[in-house]
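S.K.: okay, structure incoming, though there's no sequence with it:
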């Protein structure tokens with residue numbers, strides 16, 4: 001990636017330190033702390049980002065509470081007006097799709113084309129989908145009576161209040177959309193904590209929503225680390241926590257939220273198996289299984305991390321997937337021919353290679369790849385996934401041991 005690769009809007013966005021978004025304003029952290037967000041392809045700093053602390057959490061939650069309360073600008077939005085606003089945000093997302101895709105490629109290593117046609121397009125469609133729900137949230141009437149009297153009973157669905165959204169790094173924009181959109185569709189307000197590895201697209205989304213006409217304080221964005229998320233979960237004035245991430249952290253959130261009976265929704269890690277029987281259409285099953293394994297560099301909570309194949313077609317399926325892996329083009333996220341970019345961090349790289357090493361130690365046979373790319377070049381993905389032994393033209397050397 002070079003400066004010439006970037007759109008002027010993206011270059012301008014990362015040209016100065018990024019601030020917190022609180023109450024419709026970009027603000028420094030109260031204690032002045034910042035952290036570097038890193039390009040995973042080159043391990044170089046992209047830009048310094050404000051690091052939210054407890055005081056910033058308090059300010060953001062207070063802003064979200066004011067925006068939620070009766071008499072606020074947001075409270076006066078009718079369901080139809082909320083729907084129209086969501087639709088307008090979707091239009092703006094599509095108009096700025098290349099900008100958001102470049103931010104995702106830069107901050108998370110996603111191939112640009114996949115980010116634009118997948119992540120950004122999905123986020124835009126989520127806004128449109130929920131726009132249709134805004135005026136269709138209904139209650140019920142209940143025929144209720146006793147022996148001596150009849151009653152009129154009914155239910156009304158009302159917004160819960162301030163929602164804390166905590167999202168992971170593998171689909172930064174899409175996950176932010178999933179947390180924000182359902183909440184604001186029905187009149188809630190949101191404090192979003194993006195993953196510390198990938199804060200940029202969430203911050204830009206917050207600005208875009210303000211441009212579309214979202215009132216100040218309805219969506220607040222607080223980049224930070226685990227202590228920021230913990231402060232949100234513990235905050236007495238947060239009514240609900242929506243979290244996507246690891247099972248271990250999900251358990252901690254559920255335990256902390258129980259102290260004041262916050263509502264909690266958790267989307268946690270899992271192990272997703274693919275099963276191929278010998279009567280399957282292998283022309284579809286083989287590429288489908290490969291896509292399930294390698295999609296998003298394998299960094300996906302529904303990644304097909306296990307594959308069970310009936311003995312009659314086992315060798316053919318393994319050979320087919322190995323051939324697909326061999327042809328994956330590993331390279332710069334900004335090269336439109338790239339199929340696979342870098343893993344997000346050294347931590348994830350060590351985890352993936354550790355699994356591979358453990359498998360071999362326990363008797364597994366490597367059908368293709370199995371070793372990391374050499375690190376001769378910095379213009380491309382330094383931490384390319386070792387699950388693929390594909391070609392990378394921008395590298396001078398690569399590991400060649402295969403079995």
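M.R.: Cool, got the structure. This structure is a prediction, so every number in the text was calculated from the model and none was measured.
S.K.: so where is the protein shaky, pLDDT-wise?
M.R.: Counting by pLDDT under 70, the chain contains low-confidence ranges at 1-4, 373-403.
S.K.: host element of the residue located most distally from the centre of it?
M.R.: Taking C-alpha atoms, centre = their mean as the measure, the residue most remote from the mean C-alpha position of the chain is residue 148, 56.1 Å away. Following DSSP states H and E, there is no helix or strand that holds residue 148.
S.K.: next: residue 320.
M.R.: Residue 320 is located in helix 314-327, with elements delineated by DSSP H and E.
S.K.: residue 67 too?
M.R.: Mapping residue 67 onto the secondary structure by DSSP H and E places it in helix 54-68.
S.K.: and the next helix or strand past that helix?
M.R.: Using DSSP H and E, the helix or strand that directly follows helix 54-68 along the chain is helix 79-95.
S.K.: how about that following helix: buried residues?
M.R.: Across helix 79-95, burial judged by 16 or more other C-beta atoms under 10 Å covers 82-90, 92-94. Just so you know, the C-beta spots here come from the backbone N, C-alpha and C atoms, and that holds for glycine as well.
S.K.: quick check: residue 123 vs residue 333, distance?
M.R.: Between residue 123 and residue 333 the distance is 18 Å, computed by C-beta to C-beta, to the nearest Å.
S.K.: re earlier: so what touches the helix holding residue 67?
M.R.: 20, 22-24, 27, 29-31, 52, 72-75, 159, 161-162, 187-191, 215-218, 220, 222, 224, 227-228, 231-232, 235, 237-238 (C-beta atoms under 8 Å, 6 or more residues apart in numbering).
S.K.: 6 Å instead?
M.R.: In this structure, residues lying in contact with helix 54-68 by C-beta atoms under 6 Å, 6 or more residues apart in numbering are 20, 22-23, 29-30, 74, 161-162, 189, 191, 217-218, 220, 222, 231-232, 235, 237.
S.K.: so which of these belong to strands?
M.R.: Using DSSP state E, the members of the contacts of helix 54-68 that fall in strands are 20, 22, 162, 189, 191, 220.
S.K.: got a list of what residue 97 touches?
M.R.: Residue 97 neighbours (C-beta under 6 Å, 6+ apart): 116, 120.
S.K.: could you check how far it is from residue 292?
M.R.: Residue 97 sits at a distance of 26 Å from residue 292 (criterion: C-beta to C-beta).
S.K.: equivalent analysis for residue 77, please.
M.R.: Residue 77 sits 41 Å away from residue 292 when distances are taken as C-beta to C-beta.
S.K.: kindly report the same for residue 358.
M.R.: With distances taken as C-beta to C-beta, residue 358 is found 21 Å from residue 292.
S.K.: what do you get for residue 279?
M.R.: Residue 279 sits 19 Å away from residue 292, taking C-beta to C-beta as the criterion.
S.K.: comparing those two, which residue is more hemmed in?
M.R.: residue 292 (20 against 9; other C-beta atoms under 10 Å).
S.K.: excluding its backbone neighbours, what's nearest that one?
M.R.: With sequence-adjacent residues excluded and distances taken as C-beta to C-beta, 6 or more residues apart in numbering, residue 292 is closest to residue 304, at 2.8 Å.
S.K.: go on, residue 278?
M.R.: Closest residue to residue 278 apart from its sequence neighbours, by C-beta to C-beta, 6+ apart: residue 312 at 3.6 Å.
S.K.: please apply the same query to residue 64.
M.R.: residue 189 (4.0 Å).
S.K.: equivalent analysis for residue 307, please.
M.R.: Taking C-beta to C-beta, 6+ apart as the measure, residue 307 lies nearest to residue 274, with 4.9 Å between them; neighbours along the chain are not counted.
S.K.: got it, and residue 305?
M.R.: Among residues not flanking residue 305 along the chain, residue 271 sits closest, at 5.7 Å (C-beta to C-beta, 6+ apart).
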